[in-house]
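> how would this look folded up:
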Amino acid sequence: MDPMEVEQSTEAVDQVASIPDDVVIRILSSLKDARLVAKCSLVSKRWQQMCARVQTLHFYSGLFKGHNDYEEIVGKMVLKTCELRSLQVALHQDRHTMADGNRPRGISDGELFRWLDHTAPHLENFYISDLGDGLPEAKLWTGRFARLATCTMLKTLVLSNSEITHAPGFDAPPLSRLKSLTLYGVVCGADSAERVLGLCPRLEKLLITGCLGVTSLRISNPHLTTFALKEPPTPVSSITLRTPALTRLSLEQVAGVSLEAGRALTKLHLRSDHSIVLNLQNTGNLQDLKIVGKGWDWDSIQQLLYANPKVKNVAFYIKCRDQIHANGVPVEPVRLDRFFYTLQEVRKMEIGAELMWVLSAGRLDAATIAEANPVWMPKVQEIKLGAVKAKAVYIDVLAALLNRCPELKRVVVDTSQLKKSSWNCSTFFSDVLRLQRAHPATDIKINMPDLFVPPKGREQ
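Have a look, this model is predicted:
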């Protein structure tokens, strides 16, 4: 160590000595970079003594380059803790050779097992990720679930950028207290995801994001309340859920969904760009519904709304493939009154530009106004509408909503998808101003990020 480093270390020791114990512990627990933790432990023995009371430690081994002692120091810190409750480890695999011929150092199974054995009595949250180049070997989680079972207090487990394959390691004792499991960027074998879930009998929250190899899932768990499947690299053929306690469900790019006993479900978010088949039983208590994508047909939307009359928040950002001709013209107009009248309990509604274009063809003419329902959505208070191509059509739909939604307090017009060439700004503002004056109790707001940028060739 050069004289400058010695002087800086001495000054740091003097500064550390004046910091109260509880502040030292908070500093150690909040450090996210293991190198900073290691430097602190090098500077002062008092830091090391305080490690026994640290409850949170984050360790990013992927930041280490070449041969260094940071991993060893942080390892010593982990072994010095007495009540560590949250541990985050980033595994860095020995995949490549450095310019000096050495390999980046990673955390071996033996090292990790020592840490888990030491922290097992108190560890509640464990986050583990591979920050190395390429995916880890298939053996990564062969024997580690059995070791995790020794952490009897474990409640949260996050596996990131790892690999899970069918192996004898799955014949492990259950993680009896685990309540939250996150798989992020994990490569899964044929049925390995289901086998992992089988080790978690009391799981309440499950998040699967960007996991390759998840082609279908069958989940049977009486305690699961939240399930999200997001960003699958390939479409998932089917999801079958026997989860009577499920309250929140969010799925992306799933071809078929089957939910038995969905009475507890209150929040449902679905995103799909492909055809989707829904078999949702007893979901009459749904409160929040959001549908996104291009794989929807109008009948499935209608059935979903009829089956859930209590829904309070709805959002439709969809393109109904059976409602638009190749030239962009709606096939069969959907009468506005018949669509909106099914949303009797809705308080907040969002309609994207694609669906708005379909609905615009069903605006009421003079012949049908008399027979239409006088009130469409009696409880709606806020509506967000995506802009469509024809200005006059849009104003007609907006006027109909203002006239037939007595509790409407706020309307937001989103022009982000609007083609500038199809809009006359001055006429539109005049029409909106006219509607605003006619309905002073409703605040009309226009989101126009690029509305004042003139089309090419029309610059002034």
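> Any stretches of the stretch 301-450 of the chain with poor pLDDT?
For the stretch 301-450 of the chain, applying pLDDT under 70 flags the ranges 321-335, 360-373, 388-391, 417-426, 449-450.
> again, only this time at 80
For the stretch 301-450 of the chain, applying pLDDT under 80 flags the ranges 319-338, 354-374, 387-394, 415-429, 448-450.
> And the helices in it, which stretches?
Taking DSSP state H, counting those that start in this stretch as the test, the helices found in the stretch 301-450 of the chain are 336-340, 353-360, 366-369, 391-404, 425-438.
> deepest of these, which one?
helix 353-360 (a mean of 21; mean count of other C-beta atoms under 10 Å). Heads up, the C-betas are built off the backbone N, CA and C, glycines and all.
> helices and strands around that helix, which ones?
Contacts defined by 3 or more C-beta pairs under 8 Å, 6 or more residues apart in numbering; DSSP states H and E place helix 353-360 against strand 313-320, strand 382-386, helix 391-404.
> Tell me which of the helices of the stretch 301-450 of the chain lies nearest to Ser180.
Distance to Ser180, taken as C-beta to C-beta, is lowest for helix 353-360 among the helices of the stretch 301-450 of the chain, at 34.9 Å.
> need the helices for the stretch 101-250 of the chain, in chain order.
109-119, 144-148, 192-198.
> contacting residues for the nearest residue to Trp376 once chain neighbours are set aside?
Computed as C-beta to C-beta, 6 or more residues apart in numbering, the closest residue to Trp376 that is not its neighbour in sequence is Phe340, at 3.8 Å. By C-beta atoms under 8 Å, 6 or more residues apart in numbering, the contact set of Phe340 is 376-377, 401, 404.
> of those residues, closest to Leu224?
Nearest to Leu224 among the contacts of Phe340, with distances taken as C-beta to C-beta, is Met377, at 33.0 Å.
> Lys348 is in contact with that closest one, correct?
No - counting by C-beta atoms under 8 Å, Met377 does not reach Lys348; the two are 10.4 Å apart.
> Among the two, which residue is more densely surrounded?
Between Met377 and Lys348, Met377 has the larger neighbour count (other C-beta atoms under 10 Å), namely 23 against 16.
> who's in contact with Ser176?
Listed by C-beta under 8 Å, 6+ apart, the contact set of Ser176 reads 152, 201-202.
> So among the residues you listed, where is pLDDT lowest?
Lowest pLDDT within the contacts of Ser176 is found at Thr152 (91).
> how near is that residue to Arg177?
7 Å (C-beta to C-beta, to the nearest Å).
> now swap in Val196 and tell me
Distance, Val196 to Arg177, by C-beta to C-beta: 16 Å.
> before we move on, what about Leu28?
Taking C-beta to C-beta, one finds Leu28 at 26 Å from Arg177.
> likewise Asp443?
According to C-beta to C-beta, Asp443 and Arg177 sit 49 Å apart.
> for Asp191, same thing?
Asp191 is 24 Å from Arg177, by C-beta to C-beta.
> what does Met77 give?
26 Å.
> out of the two, which sits in the more crowded spot?
Met77 (24 against 14).
> Please read off the pLDDT at the more buried one from the model.
77.
> ditto for the one 4 residues further on
Among the per-residue scores, Thr81 shows a pLDDT of 86.
> ok, it - contacts?
Shown in contact with Thr81 (C-beta under 8 Å, 6+ apart): 51-55, 57, 118-119.
> Restricted to helices, list those.
118-119 (DSSP state H).
> And the furthest pair within the contacts of Thr81?
Arg53 and His118 (15.0 Å).
> all strands for the stretch 51-200 of the chain, in order.
Applying DSSP state E, counting those that start in this stretch to the stretch 51-200 of the chain gives strands spanning 56-60, 86-91, 125-130, 156-160, 163-164, 180-184, 187-188.
> Does Ile446 touch Asp431 like I think?
No - here Ile446 lies out of contact with Asp431, judged by C-beta under 8 Å, at a distance of 11.5 Å.
> Looks like Ala228 contacts Leu206 (just checking).
Yes - applying C-beta under 8 Å as the test, Ala228 and Leu206 come out as touching, 7.4 Å apart.
> Settle it for me: which of the two has more neighbours?
Just comparing Ala228 and Leu206: by other C-beta under 10 Å the higher neighbour count belongs to Leu206, 24 against 16.
> need the contact list for that one.
Counting by C-beta under 8 Å, 6+ apart, Leu206 has contacts 180-182, 197, 219, 224, 226-228.
> Same check on Thr182?
With C-beta under 8 Å, 6+ apart, Thr182 has these contacts: 157-160, 206-209.
> quick one: the nearest residue to Tyr184 once chain neighbours are set aside and Leu206, what's the gap?
Leaving out its chain neighbours, the residue that sits closest to Tyr184 by C-beta to C-beta, 6+ apart is Ser160, at 4.3 Å. Distance of Ser160 to Leu206, given as C-beta to C-beta: 15 Å.
> got JSON lines for the contacts of Thr182, with distance to Lys45 and pLDDT too?
Formatted as JSON lines, the contacts of Thr182 follow (distance: C-beta to C-beta, whole Å; pLDDT from 0 to 100):
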{"residue": "Leu157", "distance to Lys45": "34", "pLDDT": "95"}
{"residue": "Val158", "distance to Lys45": "33", "pLDDT": "93"}
{"residue": "Leu159", "distance to Lys45": "35", "pLDDT": "88"}
{"residue": "Ser160", "distance to Lys45": "34", "pLDDT": "85"}
{"residue": "Leu206", "distance to Lys45": "44", "pLDDT": "98"}
{"residue": "Leu207", "distance to Lys45": "41", "pLDDT": "97"}
{"residue": "Ile208", "distance to Lys45": "44", "pLDDT": "96"}
{"residue": "Thr209", "distance to Lys45": "42", "pLDDT": "95"}
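> of all the residues you listed, which comes closest to Val314?
Leu207 (23.8 Å).
> give me the beta-bridge partners of the nearest residue to that closest one once chain neighbours are set aside?
Excluding the flanking residues, the one nearest Leu207 by C-beta to C-beta, 6+ apart is Thr182, at 4.5 Å. On the basis of DSSP bridges, Thr182 is bridged to Val158, Leu207.
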